[in-house]
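Participant: The sequence and its predicted three-dimensional model are supplied below.
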Amino acid sequence: MKNNNIIIGSDHAGFNLKEKIKKFLIENNYTVTDAGTYSTEAVDYPVIAKKVAEKITSKEYEKGILICGTGIGMSIAANKVKGIRAVVCSDTTSAKFSRQHNDANILCFGERIVGEYLAKDICKIWLETDFEAERHLRRVNLIES
Ligand code: RB5
């Protein structure tokens, strides 16, 4: 059975999309913890990225979602935390393979890049796709080492 506890975060540029994704996930039976930000007032995305990333490396959550203007800043920042494999996905194919081959544990995307409905599809496929392990496990372990 899949772990349905998700942690989500955004900066001001991703706030509106975060609110829509949060609602979508709750409607789809996920339990969602919102790590902020809580308004469109400007904040620094690395602060939110670190907060979410550390909740994953501490194993409080298996998976997280980070949204900023492009998804790029969030992914760069989150990947500084050892054990995080954050990916920027603006399409569903990348989202699927980032789980199957890379065991991505944080999904990032940008409110200025993807529309609401594509973002929902990206989240759905990313959350529902399992890591294939096998040969990919060796490669992921190489990243970690
Ligand atoms: C904020 O203006 C913007 O730089 C940020 O949301 C993000 O896109 C950075 O990568």
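Facilitator: Now that the structure is in, tell me what you want to look at. Quantities reported herein were computed from a predicted structural model and do not represent experimental measurements.
Participant: Flag every residue of this structure that's near the ligand.
Facilitator: Proximity of the chain to the ligand, by C-beta under 6 Å from any ligand atom, involves residues Asp11, Ala13, Tyr45, Cys68, Gly69, Thr70, Ile72, Gly73, Gly110. (C-beta placed from N, C-alpha, C; glycine too.)
Participant: For ChimeraX, write the selection for the buried entries among those.
Facilitator: In ChimeraX, a selection of the buried entries from the residues of the chain next to the ligand looks like this (16 or more other C-beta atoms under 10 Å):
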select :11,13,45,68,69,70,73,110
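Participant: Filter the residues of the chain next to the ligand down to just the ones in helices.
Facilitator: Those of those mapping onto helices are Tyr45, Ile72, Gly73, per DSSP state H.
Participant: and which of the residues you listed is nearest Cys123?
Facilitator: Nearest to Cys123 among these, counting by C-beta to C-beta, is Ile72 at 17.8 Å.
Participant: Only alpha carbons, please: show the lowest-mean-pLDDT helix or strand in the chain as PDB.
Facilitator: Sorted by mean pLDDT, DSSP states H and E, the helices and strands of the chain end with helix 135-144, the least confident at a mean of 95. This file holds the C-alpha atoms of helix 135-144, laid out as PDB (Å, rounded to 0.1, in the frame of the first residue of the first chain):
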ATOM      1  CA  ARG A 135      19.800  -2.000 -12.300                       C
ATOM      2  CA  HIS A 136      18.500   1.500 -11.400                       C
ATOM      3  CA  LEU A 137      19.100   0.800  -7.700                       C
ATOM      4  CA  ARG A 138      22.900   0.400  -8.300                       C
ATOM      5  CA  ARG A 139      22.900   3.800 -10.100                       C
ATOM      6  CA  VAL A 140      20.900   5.500  -7.400                       C
ATOM      7  CA  ASN A 141      23.300   4.100  -4.800                       C
ATOM      8  CA  LEU A 142      26.200   5.500  -6.800                       C
ATOM      9  CA  ILE A 143      24.600   8.900  -6.700                       C
ATOM     10  CA  GLU A 144      24.300   8.600  -2.900                       C
END
